[in-house]
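>>> task: produce atomic coordinates for the following.
(one chain, ligands or ions: 1)
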Amino acid sequence: MKRLSFCLGLFIGICLFARTASQSDYDQPFRPQFHFSPRVHWTNDPNGLAFFDGEYHLFYQYNPFGDVWGHMSWGHAVSRDMLHWSELPVALPEQDGIMIFTGSTVVDEHNTSKFCKDNKPCMVAVYTGYTAAKGASKSLQTQNVAYSNDNGRTWTKYAGNPVLDLHMTDFRDPKVFWSEQGKHWVMAVSLPDDHKVRIYGSPDLKTWKTLSEFGPAGATGGQWECPELFPLPLEGKAGQQRWVMKVGLNPGGRAGGSGEQYFIGNFDGNAFKNGNPAAQTLWTDYGKDCYCALTFSGLPKNQTQVMIGWMSNWQYADKLPTSPWRGQMTLPRQLKLRETAEGIRLIQAPLKELQTLAKGHLKIDDVDDQSLNAALAKTDLTKGHTFELKTTVDVGSASDVGWKILSEDGTSYTLVGYDKQVGKLYFDRTHSGDVSFSKDFPVRLDAPLHLAGKLTMDIVVDRSSVEVFANNGTVTMTDLVFPAANANGLQFYSKGGKTGKLAADLTALKSAH
Ligand code: FRU
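Predicted structure coming up:
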C-alpha cells in the first residue's frame, strides 16, 4: 500500500517521501489477513463497489480522524483480485459540514451524464449527503453525485447537488444501475422509517423522477437501510434469472441488532414485484456480522456477481477490541439463486480465488470421527488463525454434530454445528475468547437448515472472523470472534448417536499483506 507521508523533521526541515505500507502495518492482534480493513481508523458499510478498467474498487464509510463513527467520508481501496487491496487516499471527504454517507458508483459508458472527458467512460458516484441538525433545523439527508475521470483517483462533486432533496431527516443509501428494460438509470433508495424502498429513474444521473415504491414487507423491526436491487441467474436454468431486493434492517435483524433480508421477484425497469408473500422474511445471513452488503457494478457479463458486506453490527461496532483500526469487510462472496424445496433461495460461496492464498493442505476422506480428530490433532495448519475448512458429514444417527474451532484448553472455543432434532445450524461464540466488551456479543445463534443428504460446511477463519457457508451455500452465518493467540485447536464432535463417514479439506491461507 502506498501513500504519501509528509514529515517535519527537527533537523532536516521539511521532507516528503513515498511510503510503502509494510506487512507490520497489518499484523496487530485480530487484524484480518485477507479481508479488507483500513490501515487505521473506523470503517462501516462498503460503498460504490465497481469494476472498471481491470480494477476492483472498494469505497467504504470511513472516519479519517478516529476509530469511532464520525466525519463520514468515502475511503478507497483498489485490487486486481478482490483479495489484495491497496488503500488509496480518501476519495470523497466530508466537506462544508456535509458528511458522505453510503452510496454506489456506476461506470457511465456512454457519457449520459456529460461528466466524462476525452470520449472515455467515467465513474459516477451517487451518495447520500448528511447535514447534522443545527439550532432549530433538523438534520437533512439528500442524494448527490460526484464524478471521476481518472479511474476513481480524484473526484469532483457535481455543482448541481443535491440531485434529490425531499427535505427529510431519513432518506438514504442510493444504489444505482443501468436498466436495459427501462433504458434509463435506476436508483433504489431507502425511506428508512416507512420501511420502503423508493425507485427513481434518470436519463443522465442528474435529474430523477419517481417510478415506484416497494414495501413495507418482510421484517420491519428497525430502520430500512442500504437497499439494493440486482438480477441473479437461476442455477441450472440456462438464461433464467430473478431480481433480488436486498434490504438492511437496524435494529431488528434475525440475530439481534443489524441484519439483512432479501426478497425475490421480478423487475420490469420501473417496479419490483415480490414473488413471495409480503409477510415472508428471507435472511441474507444468520450471523450477527454481515451488514449493508453490496454487489459490484460494471462486472463483465459472464462474471459471477460478487457481494461484500460490513463485518460488524451497530450493537457493538464501536467497542470492538482492535487497534489502530476498527471495522472490516466480509469475504467477497459469489452469488447465485437456486430452486430449493422451500422456494428460490440466495446461494453464497467464498470467492473462488481465495484458494490462491493456499499455503498448506490436509485432505482426509472417508474416515470415522476418531481418525479424523487424530489427524487434526497433529496438524499446525490452523496456527495463525487463517484457514478454510471444507467438510462433508454423514450425520448418521447422531443428533448433534459440529466443529469446535479456535479452541484452547477446552475452556475457550467457538462451535459451529448442526442440531438435527430441531433442524438448525448453530454458531456459539459464548466462549470464543474476549466477549466482555458488549453484552450483545456472547451469543449462540441459529438458522433453519433443511438437510437433504450429507451436511456440508465451508468455514473460513481470518483471525477475528468466522464465515460459515453451510448446506451447499444455502445458509450463511458470519460472526466476529476474538480468540486467544494460542487457540489453535480444531476438533469434530458428535452427540446422541453415531455419525457415518466424514471428509475434511483443511487449507491454511497466507496473508494478502
Ligand atoms: C448503515 C448506515 C447507512 C448510512 C451509513 C452512515 O450502516 O447507517 O444507512 O448511510 O451507515 O455511516
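>>> correct me if wrong: V107 contacts G48.
No - contact between V107 and G48 fails when scored by C-beta atoms under 8 Å: they sit 11.0 Å apart. In this view, the C-beta of every residue, glycine as well, is placed from N, C-alpha and C.
>>> neighbour count winner among those two?
A count of neighbours by other C-beta atoms under 10 Å puts G48 above the other of V107 and G48, at 29 against 17.
>>> these two touch, right, F51 and Q305?
No - counting by C-beta under 8 Å, Q305 is not a contact partner of F51; they are 10.9 Å apart.
>>> which residues do these two both contact?
Counting by C-beta atoms under 8 Å, 6 or more residues apart in numbering, the contacts common to F51 and Q305 are 296, 299.
>>> what distance do you get for W243 to the ligand?
The gap separating W243 from the ligand is 22 Å, by C-beta to the nearest ligand atom, to the nearest Å.
>>> that residue in helix, strand or coil?
Following DSSP: H, G, I helix; E, B strand; the rest coil, the label given to W243 is strand.
>>> try G396
Counting by three-state DSSP, the backbone at G396 sits in coil.
>>> in the stretch 201-350 of the chain, which spans are strands?
If DSSP state E, counting those that start in this stretch is used as the criterion, the strands of the stretch 201-350 of the chain fall at 209-214, 223-233, 241-250, 259-267, 272-274, 282-283, 291-295, 306-310, 325-326, 333-340, 343-350.
>>> please parse the chain into its domains.
Following the assignment in automatic domain parsing, the chain carries domains at 3-350, 354-509.
>>> what's the end-to-end length of the shortest one?
The straight-line separation of the ends of domain 354-509 (C-alpha to C-alpha, to the nearest Å) is 8 Å.
>>> again with stretch 364-374
Separation of the first and last residues of stretch 364-374 by C-alpha to C-alpha is 11 Å.
>>> quick check: mean pLDDT of that stretch?
For stretch 364-374, the mean pLDDT works out to 96.
>>> which outside residues touch that stretch?
Contacts with stretch 364-374, where a contact means C-beta under 8 Å, 6+ apart, come from 375, 491-494, 499, 501-505.
>>> which element is the residue of the stretch 401-513 of the chain found nearest the ligand on?
Shortest the stretch 401-513 of the chain-to-the ligand distance, computed as C-beta to the nearest ligand atom: residue-wise this is T478, at 15.0 Å. Of the helices and strands defined by DSSP states H and E, T478 is found in strand 475-480.
>>> what's the answer for D173, then?
In this structure, D173 sits in strand 172-179 according to DSSP H and E.
>>> paired strands for that strand, with orientation please.
Under the criterion DSSP bridges, strand 172-179 sits next to strand 184-191 (antiparallel) in its sheet.
>>> how distant is the partner strand from the center of its chain?
On the basis of C-alpha atoms, centre = their mean, to the nearest Å, strand 184-191 sits 20 Å off its chain's mean C-alpha point.
>>> that one vs the ligand: in contact?
No - using C-beta under 6 Å from any ligand atom, strand 184-191 stays clear of the ligand, with a minimum separation of 7.2 Å.
>>> which residues does that strand contact?
With contacts defined as C-beta under 8 Å, 6+ apart, strand 184-191 is touched by 106, 112, 126, 143, 164, 168, 170-179, 196-205, 208, 211, 213, 223-229, 245, 247, 269.
>>> show me how to select, in PyMOL, the buried members of the residues you listed.
In PyMOL, this line selects whichever of the contacts of strand 184-191 come out buried by 16 or more other C-beta atoms under 10 Å:
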select buried, resi 106+112+126+143+164+168+170+171+172+173+174+175+176+177+178+179+196+197+198+199+200+201+202+204+205+208+211+223+224+225+226+227+228+229+245+247
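>>> out of the contacts of strand 184-191, which touch the ligand?
Intersecting the contacts of strand 184-191 with the surroundings of the ligand, defined as C-beta under 6 Å from any ligand atom, gives 172-173, 225-226.
>>> so which of those residues comes closest to D27?
Distance from D27 was checked for each of those by C-beta to C-beta. The minimum falls on C226, at 31.2 Å.
>>> residues contacting the closest one?
For C226, the contacting residues are 45, 102, 173, 175, 190, 247-248, 260, 291-294, taking C-beta under 8 Å, 6+ apart as the criterion.
>>> quick one: the helices in this structure?
If DSSP state H is used as the criterion, the helices of the chain fall at 369-378.
>>> nearest residue to the middle of it?
The residue at the geometric middle of the chain, judged as the C-alpha nearest the mean C-alpha position with C-alpha atoms, centre = their mean, is G309 (1.1 Å).
>>> what does the average pLDDT come to for stretch 504-513?
Regarding stretch 504-513, the rounded mean pLDDT is 98.
>>> against P332, how distant is Y286?
Counting by C-beta to C-beta, to the nearest Å, the separation of Y286 from P332 is 19 Å.
>>> hmm, A217 and L249 touching each other?
No - L249 is not in contact with A217 according to C-beta under 8 Å; the separation is 11.5 Å.
>>> counting neighbours, go ahead and name the busier of these two.
Under the neighbour definition other C-beta under 10 Å, L249 and A217 were set side by side, and L249 has more, 26 against 21.
>>> for the more buried one, which residues are in contact?
Residues in contact with L249, defined by C-beta under 8 Å, 6+ apart, are 219-225, 258-261.
>>> at 10 Å instead, please
Contact criterion C-beta atoms under 10 Å, 6 or more residues apart in numbering gives 192, 195, 218-226, 257-261, 281, 283, 291 as the residues in contact with L249.
>>> distance of it from W283?
Here L249 is placed at a distance of 9 Å from W283 (C-beta to C-beta).
>>> overlap in contacts of the two?
With contacts defined as C-beta under 10 Å, 6+ apart, the residues adjacent to both L249 and W283 are 218-219, 259-261.
>>> who wins for neighbours among those?
Of the shared contacts of L249 and W283, G259 is surrounded by the most neighbours, 28 neighbours in total, counting by other C-beta under 10 Å.
>>> bridged to that one, which residues?
When assigned by DSSP bridges, G259 has beta-bridge partners L249.
>>> can you pull the pLDDT of it?
pLDDT for G259: 98.
>>> what residues does stretch 233-241 touch?
Contacts to stretch 233-241, defined as C-beta under 10 Å, 6+ apart, come from residues 230-232, 242, 264, 266, 304-305, 335-339, 344, 347, 473.
>>> what mean pLDDT would you report for it?
Averaged over stretch 233-241, pLDDT sits at 96.
>>> and for stretch 270-281?
97.
>>> again with stretch 389-398
For stretch 389-398, the per-residue pLDDT averages 98.
>>> one more: stretch 104-111?
Confidence over stretch 104-111, taken as the mean pLDDT, stands at 98.
>>> name the nearest residue to G497, sequence neighbours excluded.
Distance criterion C-beta to C-beta, 6 or more residues apart in numbering; nearest residue to G497, sequence neighbours excluded, is S397 at 3.3 Å.
>>> how much space between that neighbour and G496?
Spatial separation of S397 from G496 under the definition C-beta to C-beta is 8 Å.
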